[in-house]
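Q: Here is the input, now give the coordinates:
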Amino acid sequence: MTPTREAPVRLTRYAHGGGCACKIPPGELEDVLGHLTAPRATGGDTPLLVGLATGDDAAVAALPGPDGAPASAVVCTADFFTPVVDDPYDWGRIAAANALSDVYAMGGRPVLAVNLLAWPRDVLPLDLAREVLRGGLDIATEAGCHVGGGHSVDDPEPKYGMAVTGLADPGRLLRNDAGRPGVPLSLTKPLGLGVLNNRHKATGERFEQAVATMVALNRDASAAALAAGATCATDVTGFGFLGHLHKLARASGVTAVVDTAAVPYLDGAREAVRDGYISGGTRRNLEWVAPFTDFGDTSAGTRLLLADAQTSGGLLVAGEVPGAPVVGELVPRGSHSVVLR
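A: Numbers count the residues shown, from 1 in each chain. Take a look at the predicted model:
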C-alpha cells in the first residue's frame, strides 16, 4: 500500500532488516572472500597498504611524493543499508556517519563522498528520499567532507549510504592487525544500538539516546587515538563488539581479554534484550564468534549484547583514549581470540 500524507511513513517496515544488522553474516562473507585473491596492480605508483587480507574497515593505498617515498595515503570505503529508523532525515544522518566512520577507523580524514541510493519510487514518495539525502549532506558537511553526487537505482527496498574517499598519513594509520600484547582496549561509544533499533522497528518507540549515538561522528575519537599514539583500531558495526574484536585479535595474533563489567551500554538496552528484541544478525554474530570465544560465566543476555549488531557504533581502540572507558586488554595469543571475564 502506498503511504499517504495523512499517515506517517514507517520506513523500517519497508526493509527486511535494519541498519548494519542486514549485513551478510560474517562467516558466510568470509567463505566468499576467502576464495578471492586481489591481484597486484601493475604499472602504477600507488602501493596498496591495506586490502582484503585482514578484513579491515577500508582500503588504503600509498601516494608517493616526488622522491618516491609515501607522502600520503588515500582511504576508500563504501557502506549502505536499509532503514534503521523511521525518520528519513535521521536515517540519512546515521547512514552517512556510519560510512564516514570507516575512514576515521583507519586514522584518516574524509574529503569526498558520493551518495548510494536505492528507492522504490512507485511506493515511497521521492520527497522522503530528498530528506534522506539532506540528512547525509548535513553530516558530511559537519565532517568537512564534500558530497559530489552519487548513484541511484529504482529498487523494491530502500537503501542508502555513501562511498567515501579520505586521506591519511601512511605512517600513522589505525589498522586492525597492529595490536600488541600489553595494550589496553578502549571503546568510544556504548553498545545496545541493535536491540534498541529492533525495538523501534517492532513498536515505533523512538530512542533519542540511540539516534544521538549513531549520528555522532567518530572524528574526535580517531584524532584522540592518534594523538595518544595508537596504531590499532576498528569500528564496531554490524558484526557486533565480539565479532569486530575477534577480527582485530585474529589479525594481530593476540588474545583480547574483556572486562565485561566495564563495557558501557545505552539506557534501555538490557530491557530490550530481556523483552526479546534481538535481530537475526545479532544471533548469527554470536553463533559465529562462539568457537573463538571463552565466555566464562557471562550471562546469556550479556553475550547477546556483546554480539549485538551495531549501526554507526564507536571505535574499538588498542590504547587508552581520553574520555573512553577501558574495557579490556590484549595479551599473548592463547587458545581463544576473545576471553570474557
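
Q: and residue 220, which of the three is it?
A: Secondary structure state of residue 220, per DSSP: H, G, I helix; E, B strand; the rest coil, is helix.

Q: For the residue nearest the centre of the chain, list the residues it contacts.
A: Closest residue to the average C-alpha location of the chain: residue 237 at 3.2 Å, with C-alpha atoms, centre = their mean. Listed by C-beta atoms under 8 Å, 6 or more residues apart in numbering, the contact partners of residue 237 are 20, 23, 98, 101, 244, 309, 310, 311, 312, 313. Heads up, the C-betas are built off the backbone N, CA and C, glycines and all.

Q: Take these and keep only those in helices.
A: Taking DSSP state H as the definition of helices, those contribute 98, 101, 244.

Q: Of those residues, keep whichever come out buried.
A: Among these, the ones that count as buried by 16 or more other C-beta atoms under 10 Å are 98, 101, 244.

Q: before we move on, the earlier item: out of the ones in helices among the contacts of residue 237, who's nearest residue 341?
A: residue 244 (18.8 Å; C-beta to C-beta).

Q: how near is the residue sitting furthest away from the middle of the chain to residue 172?
A: Distance to the chain centre peaks in the chain at residue 67, reaching 36.1 Å (criterion: C-alpha atoms, centre = their mean). For residue 67, the distance to residue 172 equals 19 Å [C-beta to C-beta, to the nearest Å].

Q: any idea of the mean pLDDT for stretch 217-229?
A: Averaging pLDDT along stretch 217-229 gives 98.

Q: Counting neighbours, what do you get for the residue nearest to residue 236 when sequence neighbours are not counted?
A: Among residues not flanking residue 236 along the chain, residue 313 sits closest, at 3.7 Å (C-beta to C-beta, 6 or more residues apart in numbering). Residues contacting residue 313 under the criterion other C-beta atoms under 10 Å number 29.

Q: wait, what's in contact with residue 313?
A: By C-beta under 8 Å, 6+ apart, the neighbours of residue 313 are 101, 189, 191, 193, 213, 235, 236, 237, 241.

Q: Export those as a markdown table, with columns for distance to residue 84, secondary structure and pLDDT.
A: Converted to a markdown table, the contacts of residue 313 look like this (distance: C-beta to C-beta, whole Å; DSSP: H, G, I helix; E, B strand; the rest coil; pLDDT from 0 to 100):
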| residue | distance to residue 84 | secondary structure | pLDDT |
| --- | --- | --- | --- |
| 101 | 14 | helix | 98 |
| 189 | 15 | coil | 98 |
| 191 | 15 | strand | 98 |
| 193 | 9 | helix | 98 |
| 213 | 12 | helix | 98 |
| 235 | 16 | strand | 97 |
| 236 | 15 | coil | 98 |
| 237 | 11 | coil | 96 |
| 241 | 18 | helix | 98 |
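
Q: So which of those is surrounded by the most neighbours?
A: residue 193 leads these on contacts (other C-beta under 10 Å) with 32 neighbours.

Q: List the contacts of that one.
A: 19, 210, 213, 214, 266, 308, 310, 311, 312, 313.

Q: Quick one: buried ones out of these?
A: 19, 210, 213, 214, 266, 308, 310, 311, 312, 313.

Q: Among these, which pair sits farthest apart?
A: Maximum distance among the buried ones among the contacts of residue 193 (C-beta to C-beta): 14.3 Å, for 19 and 266.

Q: Check the gap between residue 101 and residue 219 for me.
A: For residue 101, the distance to residue 219 - C-beta to C-beta - is 9 Å.

Q: picking up where we left off before, which one in the contacts of residue 237 is the model shakiest on?
A: residue 20 (52).

Q: thinking again about what came up before, now flag whichever of the contacts of residue 313 is closest to residue 9.
A: Closest to residue 9, out of all of the contacts of residue 313 and judged by C-beta to C-beta, is residue 193, at 22.0 Å.

Q: SS state for the nearest residue to residue 319 once chain neighbours are set aside?
A: Nearest residue to residue 319, sequence neighbours excluded (C-beta to C-beta, 6+ apart): residue 230, at 3.6 Å. Following three-state DSSP, residue 230 is assigned to coil.
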